[in-house]
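# need a structure here:
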Amino acid sequence: MALEPTGNMAGMASSIYGTSFFFIGATLGSVISQLMRHGVLPLVLSFFLLGLITVLLVFSESCAFAAEIERTATTIKIIFFMIKFLRLRN
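Numbers count the residues shown, from 1 in each chain. Sure, this is the predicted structure:
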């Protein structure tokens with residue numbers, strides 16, 4: 001459902017999403033592992049904070065947050081349209 005707006009370019013969108021999720025996860029994982037020098041308390045706190053942020057984002061009904069997501073989705077649609085247009089011209 002999330003890739004439905006991209007149409008026939010869903011494979012490219014999926015690879016971009018997957019790559020960005022990988023880099024975000026790898027960055028957070030390396031930061032958290034560097035904090036665990038003398039115990040597991042930073043790991044426990046990180047799980048708690050990231051879980052709390054996730055719950056807040058999931059249940060958030062903020063108009064500003066929804067508007068930002070809509071702007072981002074519109075920007076992605078425009079980029080994919082430009083790529084498709086440039087491919088058709090060549």
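# Compute the distance between the residue nearest the centre of the chain and residue 46, please.
Nearest to the mean C-alpha position of the chain, by CA atoms, centre = their mean, lies residue 21 at 5.8 Å. Distance, residue 21 to residue 46, using CB to CB, to the nearest Å: 17 Å. The C-beta positions use only the backbone N, C-alpha and C, and glycine is treated the same way.
# Equivalent analysis for residue 28, please.
Noted for residue 28: a distance of 8 Å to residue 46, by CB to CB.
# Have a look at these two and say which one is more surrounded.
Per other CB atoms under 10 Å, whichever of residue 28 and residue 46 has more neighbours is residue 46, with 17 against 12.
# Just the element for the more buried one, please.
helix 41-59 (DSSP states H and E).
# For that helix, give me every contacting residue.
When contacts are defined by CB atoms under 8 Å, 6 or more residues apart in numbering, helix 41-59 is touched by residues 28, 32, 35, 36, 65.
# low pLDDT regions in the chain?
For the chain, the stretches with pLDDT under 70 are 1-7, 61-69, 80-90.
# where does residue 73 land in three-state SS?
Secondary structure, DSSP: H, G, I helix; E, B strand; the rest coil: residue 73 is helix.
# related to what we said a few turns ago, now the contacts of helix 41-59 in TSV, with distance to residue 15 and secondary structure?
Shown next, in TSV, are the contacts of helix 41-59 (distance: CB to CB, whole Å; DSSP: H, G, I helix; E, B strand; the rest coil):
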residue	distance to residue 15	secondary structure
28	20	helix
32	26	helix
35	31	helix
36	32	coil
65	26	helix
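# Following the record's annotation, map out the domains of this protein.
Domains of the chain are assigned by automatic domain parsing as 9-58, 60-90.
# buried stuff in stretch 33-46?
42, 46 (16 or more other CB atoms under 10 Å).
# cool, stretch 8-26 as well?
For stretch 8-26, using 16+ other CB under 10 Å, the buried residues are 9, 13.
# tell me how far it is from the chain's mean position?
Centroid separation for stretch 8-26 versus its chain: 8 Å, with CA atoms, centre = their mean, to the nearest Å.
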